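[1] dropping a prediction and its sequence here:
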Amino acid sequence: MPGGPASVRMRDAPLGDEPARFLAVVPDPEGRFPRARGGEVGLEEGWALARHVRAAIEADAAGPRRALVAVVDVPSQAYGRLEELLGLHLACAAAVDAYASARLAGHPVVALLVGRAMSGGFLAHGYQANRIVALDDAGVQVHAMGKSSAARVTRRTVAEVEALGEKVLPMAYGVRALAQLGLVHRLIEGVSADAPSGHDVARVRREIAAAVADARSGPRDLSPRLASPAARARRAASIEVRRRLAEQWDG
């Protein structure tokens, strides 16, 4: 968009019978900030996402709320001394707040995971969605930090981190682990993430449209993530903790 970073793409386009706003963060080798040239969510990216989402909220305030589709392939937030000094946390928080505000205002927000959904990059772009839809592909990975970072923090090798993910579900990187925790609304199988055919694209669009319709018929908060059979089976302790917290808070 004119006046914005080349790393943030936005397009208004039809989705089924209704309008939608598609947003993505992409690599920009010529980006102003070196640590955000590989598709990371940095200072400019966070503010630009917030601006585009807020613009949709304002434009639709008196009429039907369009769907917002976050296409997610982000390796992380833009780690860097300069970014931290200039308020990276504020830029990412602005994007989070914009997505959450749109969701609560009645905009169905759908995140489509087509690649990496890592760390603060995913928190800023996609994680506030009503529904998360993901390609069932080995290249789609979701985690709080990259494998090398997790290895350093836990004083393990990368191989040991990978082995730990096979035993402890929340430590796994594959998108199927996220689905088993109840966070994925729909896994789309048999679609090539790197070279989708026209049939693949049409199928993914149908899945997104179905997720939008489902979001419109459900609550505007994120409670459905704890209501699925997968969540009830594998996040029973989290659900019980939340119940007790709510009970004490309301008491």
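    Great, that's in hand.
[2] now stretch 87-100: how far from the chain's centre is it?
    What separates the centre of stretch 87-100 from the centre of its chain is 13 Å, taken as CA atoms, centre = their mean, to the nearest Å.
[3] need the contact partners of that stretch.
    By CB atoms under 8 Å, 6 or more residues apart in numbering, the surrounding residues in contact with stretch 87-100 are 41-47, 49-51, 53-54, 57, 68, 70, 77-78, 80, 109, 120, 123-125, 127-129. In this view, the C-beta of every residue, glycine as well, is placed from N, C-alpha and C.
[4] which of the residues you listed fall within strands?
    68, 70, 109 (DSSP state E).
[5] quick one: which of the residues you listed is nearest Arg203?
    Closest approach to Arg203 among these (CB to CB): Ala70, at 18.9 Å.
[6] show me what that closest one is bridged to.
    Under DSSP bridges, the beta-bridge partners of Ala70 are Leu23, Ala111.
[7] and the nearest residue to Val140 once chain neighbours are set aside, how far is that from Ala102?
    Beyond its immediate neighbours in the sequence, the residue positioned closest to Val140 (CB to CB, 6 or more residues apart in numbering) is Val175, lying 4.3 Å away. Shown here: Val175 relative to Ala102, a distance of 24 Å by CB to CB, to the nearest Å.
[8] compare these two (neighbour count), which wins?
    Taking other CB atoms under 10 Å, Val175 and Ala102 do not tie; Ala102 has more neighbours (26 against 23).
[9] which residues touch that one?
    Taking CB under 8 Å, 6+ apart, we find Ala102 in contact with 53, 56-57, 65, 68, 109.
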